[in-house]
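Participant: I'd like to go over a predicted model; first the sequence, then the structure.
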Amino acid sequence: MKQRAIYVSMLVLILAISAGCSTTSVNFRTESNFAYPNSNVIPLGTVRGESTSMACALGMPASVTSTMKDEAVKNALQQKQGDLLVNYLEFSKITNLVVIPLTCASYAVEGVAAKMQIGTQKLK
């Protein structure tokens, strides 16, 4: 009986620690990198990239870092060998654990990969 009580209390503890809530925010962006003024931008197709790392903070809010953003864009562009993302969505997810004051952030992007070629148009 005592062993069963230990197992039940461990199960309750694991469930309490894993309980939490998440908030996802979505932002629209027009381009991920600088596009040259005299370049031809050629769309390559839709891509999705995620940051493989998470930012976690104990006792204070975590936020998405610039390294996470760069990694997600790089992972997306590798799928189509593009130079920049155009008309893409940013997904920032913040997860708060209830029992432990731990906050974790993750980041992903989804949009159109494009290739830039230096153009020969005359600028006005």
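Facilitator: Noted; the coordinates are in hand.
Participant: just give the strands next to the longest strand anywhere in the chain in its sheet, each with its orientation.
Facilitator: Determined from DSSP state E, the single longest strand within the chain is strand 102-118. Sheet pairing of strand 102-118 (DSSP bridges) gives strand 39-50 (antiparallel), strand 55-58 (antiparallel), strand 84-97 (antiparallel).
Participant: now the shortest one: buried residues?
Facilitator: Spelled out, that is strand 55-58. Residues of strand 55-58 classed as buried by neighbour count (16 or more other CB atoms under 10 Å): Ala55. Quick note: C-beta positions are derived from backbone N, CA and C, even for glycine.
Participant: tell me which helix or strand comes right after that strand.
Facilitator: helix 66-80 (DSSP states H and E).
Participant: got the CA positions of stretch 95-109 in CSV?
Facilitator: Presented in CSV, the C-alpha positions along stretch 95-109 are these (Å, rounded to 0.1, in the frame of the first residue of the first chain):
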residue,chain,number,x,y,z
THR,A,95,5.2,28.5,-22.6
ASN,A,96,4.9,29.0,-18.8
LEU,A,97,5.1,26.1,-16.4
VAL,A,98,2.8,26.4,-13.4
VAL,A,99,4.6,24.7,-10.6
ILE,A,100,8.1,25.7,-11.5
PRO,A,101,8.4,29.4,-12.4
LEU,A,102,10.0,28.5,-15.7
THR,A,103,9.2,30.3,-19.0
CYS,A,104,10.4,29.0,-22.4
ALA,A,105,10.2,30.6,-25.9
SER,A,106,10.3,29.1,-29.3
TYR,A,107,10.3,30.6,-32.8
ALA,A,108,9.3,29.6,-36.4
VAL,A,109,8.8,31.3,-39.7
